[in-house]
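**Student:** Give me a 3D structure for the following:
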Amino acid sequence: MKNDYPYGEKAIVLAVCITALVYWHTPASAQVKVKGVYAPRYKATTGSTYTAAASAGSGLSGTYTHKYGTQTVTSNNYQRLDTFTITNTYNGNPNAGTSFFIFNNAAVPVVKFRRANNANVTGRRKSLWFESDGNTPSATVAVAVRPAYDDSLEAIFGKRLFNMGVDNAFENGTVTNNNNIERIDVIFPGGVKAFNPDSAGFTVFDRGAAGGNDSFMIAAIKSLDANGDPADYYPAVRVGPLNYGAAAGTTLNFHGLRKEESETNLKLFIAAGNQERQGVYFSFTSLGFPFSSGTSPNLVYGYSVMATDVNRAAPGTPKNMVFYSNAAIFPTNTELGSVGGIDMVAVSGVATTLATASALVLPVTNAGFTALAKEGRVVLSWQLANADAADQVYLERSADGIAFTLLANPGPPLLSGKQYATDAHPLPGQNYYRLRMVDKVGDISYTPVVNAWVNTGFAPAVFMTVYPVPVTGGQYTITASGIPAAPCLLEMTDMNGRRVYQQVTTATRLASLHVTLPRRLPAGSYSIRIAGTDGTTWLTKKILIE
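**Tutor:** Reported below is the predicted structural model:
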């Protein structure tokens with residue numbers, strides 16, 4: 001937020017000189033100005049209204065009626081960015097002046113907001129801005145927002161919405177509209193390949209006063225870890241106010257709203273504002289990762305946006321950018337002064353020119369993955385887009401939506417029609433599922449996670465699975481359910497009855513428990529036993545260790 005005052009006074013933007021902590025990667029032709037956009041409007045299908053006091057710290061007082069979606073207007077609620085044009089004066093860019101379109105429907109990213117608590121903000125504070133009806137709220141004038149209500153940052157940014165976004169990301173300091181967001185990740189779990197990396201890339205838009213948009217850093221994600229999070233980066237690129245392009249027709253009226261983790265709904269924080277949305281485009285080449293010519297271009301797994309004070313000094317450059325919770329690398333006292341933090345527009349996706357769209361290789365994606373609980377079982381169904389690119393599909397389950405284990409391998413996907421699988425022994429309560437898809441060259445992609453609640457009245461029988469089978473590398477994962485909610489003992493013995501491993505655990509942890517054996521055991525058969533602390537045996541299973 002750039003000096004956006006509670007009562008809607010026009011922003012005064014001061015030029016701020018920020019001293020870099022590290023050497024910036026600023027290759028030639030790194031940032032390209034966006035000069036034009038095409039963002040058609042469409043209507044919302046829902047509306048809502050509620051009454052709430054102004055957000056604490058806003059400087060506002062009183063109680064306001066809040067209206068969203070069809071409660072404000074019956075059409076033109078959303079803007080969705082379809083295409084944009086880059087400047088035709090950009091030195092050395094082979095695509096200058098051409099139009100790009102967003103491949104969002106075919107490759108929807110996973111967006112994650114990384115947080116680290118600081119002296120001013122703890123918990124999941126959400127500061128958002130929405131296009132408004134242009135009026136200044138009062139006791140008799142409602143806070144009227146055009147889009148439908150949504151306070152999920154991740155859901156909003158998983159689309160290409162052009163008239164809503166986050167407010168003041170990365171500002172930790174004394175400015176009242178602060179937060180604890182340290183990094184924004186836009187992740188393509190299966191990766192994206194481009195046979196023409198000069199004609200494909202990513203774009204970032206910021207809402208702000210003309211000529212005074214916010215500085216930030218952007219880095220392409222080089223690899224992901226086992227949880228699908230960034231594990232390494234290509235060198236970062238620094239963006240300043242002069243790198244943004246001014247596009248006609250991008251000025252909008254907006255309200256700023258905030259919600260603390262303990263609160264039910266968003267509350268008015270900025271009464272009224274009127275600013276532009278300006279953009280920067282980054283080709284795959286300009287983000288610094290090398291391109292392999294021929295039939296197998298390199299994968300890029302998305303990008304991360306962060307503040308300009310991130311310390312990427314050696315050793316570890318640029319891998320240091322992984323450690324968003326390390327205050328020595330990502331300072332938790334970031335004070336961006338009068339310019340504030342980036343007011344990033346909720347646009348994400350892969351951009352490419354129409355002429356080179358066929359040279360953009362997208363991961364295998366799904367056209368609908370659902371989970372339905374029925375009488376103690378969960379029926380899963382899906383239909384894949386780009387199914388002919390996939391070789392195998394694996395169904396995975398989780399107790400917490402984070403750690404997943406293999407549930408089944410339905411085999412190669414059908415080229416048309418729906419596929420089904422049944423989890424006959426789901427966990428009591430919440431179950432999370434996803435599909436892991438492997439294409440013909442070995443690249444992996446995932447569907448969005450779906451969940452189903454299993455009624456405890458239809459609790460499944462006690463059972464246990466172990467993955468992988470046979471066990472390799474001295475590690476395996478146990479998934480067990482139907483065990484009483486009490487402390488229990490996990491024990492492993494060899495075929496002579498000698499105990500080789502044990503630990504005290506709980507039924508909750510056994511829903512998905514990763515086991516690392518303390519020493520390398522001889523290959524052969526072993527027995528796993530789960531028992532109560534009174535000695536009652538609940539489950540046993542034979543396993544083979546290679």
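
**Student:** where's the spatially most central residue of the chain relative to T370, distance?
**Tutor:** Closest residue to the average C-alpha location of the chain: V111 at 1.7 Å, with Cα atoms, centre = their mean. V111 is 21 Å from T370, where distance means Cβ to Cβ, to the nearest Å. C-betas here are computed from N, CA, C, even on glycine.

**Student:** who's in contact with the residue nearest to the centre of the chain?
**Tutor:** 153-154, 157-158, 184-187, 348 (Cβ atoms under 8 Å, 6 or more residues apart in numbering).

**Student:** could you point out which element follows the helix or strand of the chain with the lowest mean pLDDT?
**Tutor:** Sorting the helices and strands of the chain by mean pLDDT, DSSP states H and E puts strand 360-361 at the bottom, at a mean of 66. As assigned by DSSP states H and E, the chain's next helix or strand after strand 360-361 is strand 365-374.

**Student:** for the helix or strand following that following strand, packing partners?
**Tutor:** Moving toward the C-terminus from strand 365-374, the next helix or strand (DSSP H and E) is strand 377-385. Where contact means 3 or more Cβ pairs under 8 Å, 6 or more residues apart in numbering; DSSP states H and E, strand 377-385 is packed against strand 365-374, strand 390-398, strand 419-423, strand 429-439, strand 450-454.

**Student:** closest to T506 out of these?
**Tutor:** Smallest distance to T506 across these (Cβ to Cβ): 14.2 Å, for strand 429-439.

**Student:** Quick one: mean pLDDT over that closest one.
**Tutor:** Strand 429-439 comes out with an average pLDDT of 81.

**Student:** ok, now stretch 473-486?
**Tutor:** 78.

**Student:** circling back: could you redo the helices and strands packed on strand 377-385 as CSV and give each row distance to A139 and mean neighbour count?
**Tutor:** Below are the helices and strands packed on strand 377-385 laid out as CSV (distance: least, Cβ to Cβ, whole Å; neighbours: other Cβ atoms under 10 Å):
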stretch, distance to A139, mean neighbour count
strand 365-374, 45, 16
strand 390-398, 48, 20
strand 419-423, 53, 16
strand 429-439, 42, 21
strand 450-454, 42, 18
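
**Student:** Figure out which of these is closest to L490.
**Tutor:** Here strand 390-398 is closest among the helices and strands packed on strand 377-385 (Cβ to Cβ), at 19.2 Å.

**Student:** How far off centre is the lengthiest strand in the chain?
**Tutor:** Across the chain, the strand with the greatest residue count (assigned by DSSP state E) is strand 267-283. Relative to the centre of its chain, strand 267-283 is centred 20 Å away, using Cα atoms, centre = their mean, to the nearest Å.

**Student:** what's the answer for stretch 38-48, then?
**Tutor:** That offset, for stretch 38-48, works out to 23 Å (Cα atoms, centre = their mean).

**Student:** In it, which residues are buried?
**Tutor:** Going by neighbour count (16 or more other Cβ atoms under 10 Å), the buried part of stretch 38-48 is 39, 44, 47.

**Student:** again with stretch 235-242
**Tutor:** Result for stretch 235-242 [16+ other Cβ under 10 Å]: buried residues 235-239, 241.

**Student:** Among those residues, name the ones in strands.
**Tutor:** Reading strands off the buried residues of stretch 235-242 with DSSP E, I get 237-239.

**Student:** could you dump those residues to CSV with distance to K67 and pLDDT?
**Tutor:** CSV is the format used below for those (distance: Cβ to Cβ, whole Å; pLDDT from 0 to 100):
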residue, distance to K67, pLDDT
V237, 40, 92
R238, 40, 92
V239, 35, 92
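
**Student:** Which of those residues sits closest to V192?
**Tutor:** Among these, and counting by Cβ to Cβ, the member closest to V192 is V237, at 17.9 Å.

**Student:** What separation do you get for that closest one and M306?
**Tutor:** Taking Cβ to Cβ, one finds V237 at 11 Å from M306.

**Student:** Find residues that contact each of these two.
**Tutor:** Common neighbours of V237 and M306 (Cβ under 8 Å, 6+ apart) are 217-219.

**Student:** Who wins on neighbours among those?
**Tutor:** Neighbour counts for those (other Cβ atoms under 10 Å) peak at A219, which has 25 neighbours.

**Student:** As a check, name the ranges of all strands in the stretch 401-546 of the chain.
**Tutor:** 404-411, 419-423, 429-439, 444-446, 450-454, 463-472, 475-481, 487-494, 499-506, 513-516, 524-532, 537-545 (DSSP state E, counting those that start in this stretch).

**Student:** list the buried ones in the last one?
**Tutor:** Within strand 537-545, the residues scored as buried using 16+ other Cβ under 10 Å are 538-539, 541, 543, 545.

**Student:** for stretch 524-541, same thing?
**Tutor:** Across stretch 524-541, burial judged by 16+ other Cβ under 10 Å covers 526, 528-531, 538-539, 541.

**Student:** State the number of residues packed around M464.
**Tutor:** 19.

**Student:** Correct me if wrong: it contacts I528.
**Tutor:** Yes. Contact status for M464 versus I528: in contact at 7.4 Å, counting by Cβ atoms under 8 Å.

**Student:** Distance check, the closest residue to F463 other than its chain neighbours against M464.
**Tutor:** Nearest non-adjacent residue to F463, counting by Cβ to Cβ, 6 or more residues apart in numbering: H425, 4.9 Å away. Distance, H425 to M464, by Cβ to Cβ: 10 Å.

**Student:** re the thing from before, doesn't the residue nearest to the centre of the chain belong to a strand?
**Tutor:** Yes. Checked against DSSP: H, G, I helix; E, B strand; the rest coil, V111 lies within a strand.

**Student:** where does it land on pLDDT?
**Tutor:** At V111, pLDDT is 90.

**Student:** Need the nearest residue in space to it, chain neighbours excluded.
**Tutor:** V111 sits nearest to F157 (Cβ to Cβ, 6+ apart), 4.0 Å away.

**Student:** K112 too?
**Tutor:** D185 (4.5 Å).

**Student:** And for M492?
**Tutor:** Per Cβ to Cβ, 6+ apart, closest to M492 is Y501, 4.1 Å.

**Student:** can you pull the contacts of the one you found?
**Tutor:** With Cβ under 8 Å, 6+ apart as the criterion, the residues that contact Y501 are 490-492, 515, 517-518.

**Student:** Okay, and the beta partners of Y433?
**Tutor:** Beta-bridge partners of Y433, counted by DSSP bridges, are R397, V450.

**Student:** Thought A371 was touching it, still the case?
**Tutor:** Yes. Here Y433 reaches A371: they are 5.2 Å apart, a contact under Cβ under 8 Å.

**Student:** Give the intersection of the neighbour lists for those two.
**Tutor:** In contact with both Y433 and A371: 378, 380, 450-452, using Cβ under 8 Å, 6+ apart.

**Student:** before we move on, the earlier item: show me the common contact partners of M464 and I528, please.
**Tutor:** Contacts common to M464 and I528, judged by Cβ under 8 Å, 6+ apart, are 478, 539, 541.

**Student:** Double-check the last one against Y526; I have them as touching.
**Tutor:** No. K541 is not in contact with Y526 according to Cβ under 8 Å; the separation is 9.6 Å.

**Student:** would a markdown table of the shared contacts of M464 and I528 with distance to N409 be doable?
**Tutor:** Listed next are the shared contacts of M464 and I528 as a markdown table, based on distance: Cβ to Cβ, whole Å:
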| residue | distance to N409 |
| --- | --- |
| I478 | 19 |
| L539 | 23 |
| K541 | 20 |
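
**Student:** related to what we said a few turns ago, report pLDDT for the residue nearest to F463.
**Tutor:** Taking H425 on its own, its pLDDT is 82.
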